[in-house]
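[1] Using only what follows, build the 3D model:
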Amino acid sequence: MLKDMSSGPEGLSQGRLVALIGPNGSGKTTLLRTLCGLLRYDGSVTLYGRELGTYRRRELGRIVGMLPQTSGADIAYSVHDLIGLGRIPHGGLVSGRSEDDEAAVLNAARVMGVEPLLFRQASKLSGGEMRRVLMAMLLAQDPAVFLLDEPSSASDIKHAVRMFSIMKDLSSSGKLVVSAVHDINLAARFADALVVIKEGRILDIVPGGGLDEDILSRLYDVSFELFMSSGGEKAWHAIAE
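    Below is the predicted model of the structure:
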């Protein structure tokens, strides 16, 4: 799968939001887990000119952060302490949490809108709440590269759009954000580039607005029709056959 992802519309570089799209089981999660150093790989994956496998875990944790697809709902932490785990690569909880660590935790909670949940038990959260808390933990970690696996899953439409807005803000601030995405219309609206994946292969890398009926029909094995809003917004819809 890991062909040269530096090709295409500027590839994987800082200050970009890159969406991975494709059917369930196509390899999006595998790609993300490989990029964060959790899986072995053939060939070469370099980060800032250095082979990914040569980084130590804490060192890599200061650069790359991963939001997994699993909820972790059985974790016996308060929301406050769970978000605080994001500070471990910076020494938090090992050398003692500093004022900067605490400020990072509270700011992350504010950005994700989970301040009212800070002293709730994480195990009591809904699926959507847990996703926002785990994203807050990643914000507290403050890596240069965000790898997100379906960050808006279990979210209603309001929170899904909010999540994509936050992802876009992160990329605008200079972060690289790579996210597996289920909603192709949100991906096309917010992403700078789309990595098209099917059956463990990268079929194409196209600009955010570069989706067309041919790409989508080959990707999902169903026909699509394009709709335009009065404001010029595009929306792709699968056609029942």
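[2] make it CA atoms for all contacts and neighbour counts henceforth
    Will do.
[3] need the next SSE after the helix or strand containing L82, C-terminal direction.
    Using DSSP states H and E, L82 sits within helix 79-84. Counting by DSSP H and E, the next helix or strand C-terminal to helix 79-84 is helix 99-111.
[4] which other residues reach that following helix?
    Applying CA atoms under 8 Å, 6 or more residues apart in numbering, the contact partners of helix 99-111 are 80, 83-84, 87, 92, 115, 118, 133, 136-137, 139-140.
[5] most neighbours, which of the residues you listed?
    Using other CA atoms under 10 Å as the neighbour test, these are led by A136, with 30 neighbours.
[6] show me what contacts that residue?
    83, 105, 108-109, 111-112.
[7] That one: what secondary structure?
    Secondary structure assignment for A136 (DSSP: H, G, I helix; E, B strand; the rest coil): helix.
[8] Following the record's annotation, map out the domains of the protein.
    1-63+144-241, 69-142 (automatic domain parsing).
[9] and the last one, how far apart are its ends?
    Same thing as domain 69-142. End-to-end distance of domain 69-142 (CA to CA, to the nearest Å): 19 Å.
[10] Could you number the chain from 54 rather than 1 from now on?
    Understood, numbering begins at 54; the last thing we discussed is domain 122-195.
[11] can you give me the mean pLDDT across it?
    For domain 122-195, the mean per-residue pLDDT is 88.
[12] Could you pull up the residues touching the residue nearest the centre of the chain?
    Nearest residue to the geometric centre of the chain (CA atoms, centre = their mean): L201, 2.0 Å. Contact partners of L201, counting by CA under 8 Å, 6+ apart, are 85, 119-121, 230-233.
[13] For ChimeraX, what selects the buried ones among those residues?
    To isolate the buried members of the contacts of L201 in ChimeraX, using 16 or more other CA atoms under 10 Å:
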select :85,119,120,121,230,231,232,233
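[14] Just the pLDDT for R110.
    85.
[15] And it, how close does it get to L272?
    35 Å.
[16] The protein: strands as residue ranges?
    69-74, 99-100, 103-104, 117-120, 198-202, 229-233, 246-251, 254-260, 277-281, 287-291 (DSSP state E).
[17] quick one: which of those has the weakest pLDDT on average?
    strand 99-100 (a mean of 85).
[18] Stretch 158-175: which residues count as buried?
    Neighbour counts using 16+ other CA under 10 Å place 158-162, 165-168, 170-171, 174-175 of stretch 158-175 among the buried residues.
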